[in-house]
Each structure stands twice: as structure tokens, then as C-alpha cells.
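In: sequence plus predicted model, see below.
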Amino acid sequence: MLYPPDTADSFLSGIAGWAILGLPKQNGVPGMVTLLPSRAIGYAALDEESNAAPVVRETTPPQAPKPRLLDRVREAVRARHYSRRTEKTYVAWARRYILFHGKRHPAEMGAAEVTRFLTSLAVDGNVAASTQNQALSALLFLYRDVLEQDLPWLDNVVRAKGAQRLPVVLTRAEVRAVIQQLQGTLRLMALLMYGAGLRLLECARLRIQDVDFASNQIVVRAGKGDKDRVTMLPGAVKADLVRHLHGVKRQHERDLQHGAGWVELPWALARKYPNAGREWGWQWVFPATRFYLDGATGQRRRHHLHESVLQRAVKEAVRRSAIAKRATCHTFRHSFATHLLEDNHEIRTVQELLGHRDVSTTQIYTHVLNRGPGGVRSPAEHLLDL
């Protein structure tokens, strides 16, 4: 396209990404301007008095900004399908490591800086060995999988020796006393954790389709280690659970009438099944009381009941029960395993119900059985006169 220079100047004021070719004067008449579409070519100002050759200047296309280090950590974690909590933990340790060394880039540091950071955690922070090893795992992931530095010193970093602790276990009477202090949905969740050996988040994230009343089974999806397993549905909670689900269904129907009723789906199922997020089978067994607006889709969704609600309720129930043990929500799972072994169930069966990869993890609950210290008669019993 050819334009006179004065017309071209006004026409080009808002145009970018074109090649501008200026022609020299001919017989005293200013040269014309030629526009050539190009993303990588810019233009130079025309000199009306010059008879020089046409001027064309190439420009480097803009490059996308390099992602920040912590964003690269997030991308690496998600690419390996680690859990959200693992992502949050690894990012937090990477940030803490960088700040500890005065915001130096990890690529500029090595074994000495890693050792100094871990030593500070143990000496100054007085953290447990498990916390120190968690920090080390995060840093190994940072160097190997994010920075892609396969350095030999990574294998020589010493891990802290963790101590083996016995789990806190409630007696049956203590379990009954704690659960009696709970009401409504929270009582039902506590019964499921004790009666089915569920972890806190496994209970909170149950969906309608995971509960099989006909087979008396609960399917735990994406549990610890992203593993599925099947556990029992306690008969003692079936009637209460049926009544609870009737109320949840009525709430879901009201949500649908108001243009809501959506829940989050795992992975990319929302793209594969666009309407599955409103189906009854995908709804949470224990939904939250309020909506939230998903920024990416604009859907009005319900999250599951937040785990902290049950944690606070159980803590208060233990206090009101006057139980001196340091019991938490996870104590129900410990008590479930221990009481099954007390009832002479096979340890392999208990292992499957708990979802343990190794039976040695389940064997820790045998400390309460008669085969352990509880089955040995103390010599003090023979001292009648003290």
C-alpha cells in the first residue's frame, strides 16, 4: 500500500507491527510510504531531504517474562500430580530458605547453605526431626526437579533421625463420652471417623457416590498418597446418615433453583463432563453452609465443610469430657485400629481398612494388646503388704 508521507504519519499513529518502507525524493517530490505487514519489523523516520536508500529496521519480538522461582516450584509440583498441601508446603519451605540466606537465589548456594539452614531449624527453632526432614525434602525437590541441578552433595545431606512415638488411643468409654458432646453433622462426622477409620480430610471430602448403603461400604478416593481404598460403613450411623443426606438433597435442589448447585470436580472432569458439577452423585456428603463464586467459571459453588470446624468442635468436646489425653480428630482413627485388633481381627484386614502400604505401620497399634506389656503380670502384684 502506498501513502503520501503526511497521510501516512497520521494513519500510522496507532498502528504497530508494520514494516515501513520510505522511498527517496524523485524530481523534488517527497517519496511515498509503503506498508508491509510484519510483526518483527519497525520503521525509521523519513528524511525528506535525503536521497538515501530505503530504510528497514527489524525489531526483536517481545519475549514472555521468565516465571518466578516460586511459580516454577508450583508448576513442577502440579506436573507431578502432588497434592495441594504438598505444593503449599514445598513453596513455604523454599521461601523460608531464601529469606534465611538474605534473599539469595538458591542456584547461587549449595551444600553449606542447606546444612546451615537445617541446623538452624534444629538448634534455634527446636523443631522435631520430622519437620527438619520435611524441609530437607522440599529443598531436594527445589534443586533436583525445579533448578535441575543434579549435584552430588544432595545425596550426602544427613537426614534427622526421627523418633518413634506411640499413638494416642481412647478407650471405648472415652470415645463414647467425646462423641456424646457433639451434635448434628459434627457428631455424624466423628462417628464416621471412628467407625470407618477415616482421616479428617477423607471424611470431609466424601461425595454422595462414595457411600454404598447396599454393600455397607465407603470408597475413599485419593486418600493419603493419592490412593483409593474401600472401608466399612458402620451400621450404627446408617440411619443418621440417610436422614442427613435427605436434608443435603433438599438443599441441593434449592441451590439448583437459584442457579447454583455446583461443586468442584477433580482434575479435568469439568471439561469432559461440563454438567457433572451439578449432578447429585458428585455433591459433598458434608457441604459447607455458604456459597463461593469460582473466579474461573463464574459458577456458584459449595465447598465441603471446612476441616477446622470439626477440629475445634472435637477439641472442645474432649475438654468438656474431662479427658486428660491429648486427643484430636486423628485419635478416632487410632482408636478404630486398636479396638479392631482388640477384637481379634487379622492385622492384614486392619491394614487394608486403614490403607497402610506396609503392615509394619499397622503393627504400632499392637502395643495395647495382651501380647504386649499389658499381658505381663507385674511382680508388684505379689507384694500384698506395702
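Out: Received the coordinates, thanks.

In: who does the longest strand anywhere in the chain touch, helix- and strand-wise?
Out: For the chain, the longest strand by residue count, based on DSSP state E, is strand 287-293. In terms of contacts (3 or more C-beta pairs under 8 Å, 6 or more residues apart in numbering; DSSP states H and E), strand 287-293 is packed against helix 235-257, strand 300-304. Heads up, the C-betas are built off the backbone N, CA and C, glycines and all.

In: go again using 6 Å as the cut-off
Out: Packing partners of strand 287-293 (3 or more C-beta pairs under 6 Å, 6 or more residues apart in numbering; DSSP states H and E): strand 300-304.

In: let me know the average pLDDT across the longest strand of the chain.
Out: Averaging pLDDT along strand 287-293 gives 94.

In: okay, the angle between that strand and strand 300-304?
Out: For strand 287-293 against strand 300-304, the angle between stretch directions is 140 degrees (axes from the mean of the first three to the mean of the last three C-alpha atoms, to 10 degrees).

In: tell me the buried residues in strand 287-293?
Out: Pro287, Phe291 (16 or more other C-beta atoms under 10 Å).

In: now it, how far from the chain's geometric center?
Out: Remark: strand 287-293 is offset 19 Å from the chain centroid, using C-alpha atoms, centre = their mean, to the nearest Å.

In: that one pairs with which strands?
Out: Strand 287-293 has its sheet partners listed here by DSSP bridges as strand 300-304 (antiparallel).

In: can you give me the angle the strand it pairs with makes with helix 235-257?
Out: Using the same axes, to 10 degrees: strand 300-304 against helix 235-257 is 170 degrees.

In: what residues of strand 300-304 count as buried?
Out: Within strand 300-304, judged by 16+ other C-beta under 10 Å, the buried ones are Arg301, Arg302, His303, His304.

In: residues making contact with that strand?
Out: Residues from elsewhere that reach strand 300-304, judged by C-beta atoms under 6 Å, 6 or more residues apart in numbering: 204-205, 260, 262-263, 284, 286-288, 291-294.

In: let's see it at 7 Å
Out: Residues outside strand 300-304 that contact it (C-beta atoms under 7 Å, 6 or more residues apart in numbering): 204-205, 259-260, 262-264, 284, 286-288, 291-294.

In: and the furthest pair within those residues?
Out: Ala204 and Gly259 (25.5 Å; C-beta to C-beta).

In: and these two? Which one has more around it.
Out: Ala204 (23 against 9; other C-beta atoms under 10 Å).

In: hang on, isn't the more buried one packed against Val309?
Out: No - counting by C-beta atoms under 7 Å, Ala204 does not reach Val309; the two are 9.0 Å apart.

In: how close does Ala79 sit to Pro152?
Out: Ala79 is 25 Å from Pro152, where distance means C-beta to C-beta, to the nearest Å.

In: should've said Glu253
Out: Glu253 is 62 Å from Pro152, by C-beta to C-beta.

In: between the two, which one's more packed in?
Out: Using other C-beta under 10 Å, the more surrounded residue of Glu253 and Pro152 is Glu253, with 11 against 7.

In: and the strands in the stretch 151-300 of the chain?
Out: In the stretch 151-300 of the chain, the segments counted as strands under DSSP state E, counting those that start in this stretch are 211-212, 217-220, 229-232, 287-293, 300-304.

In: from Tyr97, how far off is Leu136?
Out: 10 Å.

In: my bad, Glu108
Out: Glu108 is 12 Å from Tyr97, by C-beta to C-beta.

In: ditto for Glu307
Out: With the distance defined as C-beta to C-beta, Glu307 ends up 28 Å from Tyr97.

In: my guess is Ala138 contacts Arg96. True?
Out: No - the pair Ala138 / Arg96 is not scored as a contact, 9.0 Å apart, by C-beta under 7 Å.

In: neighbour-wise, which of these two wins?
Out: Higher neighbour count among Ala138 and Arg96: Ala138, with 19 against 13, using other C-beta under 10 Å.
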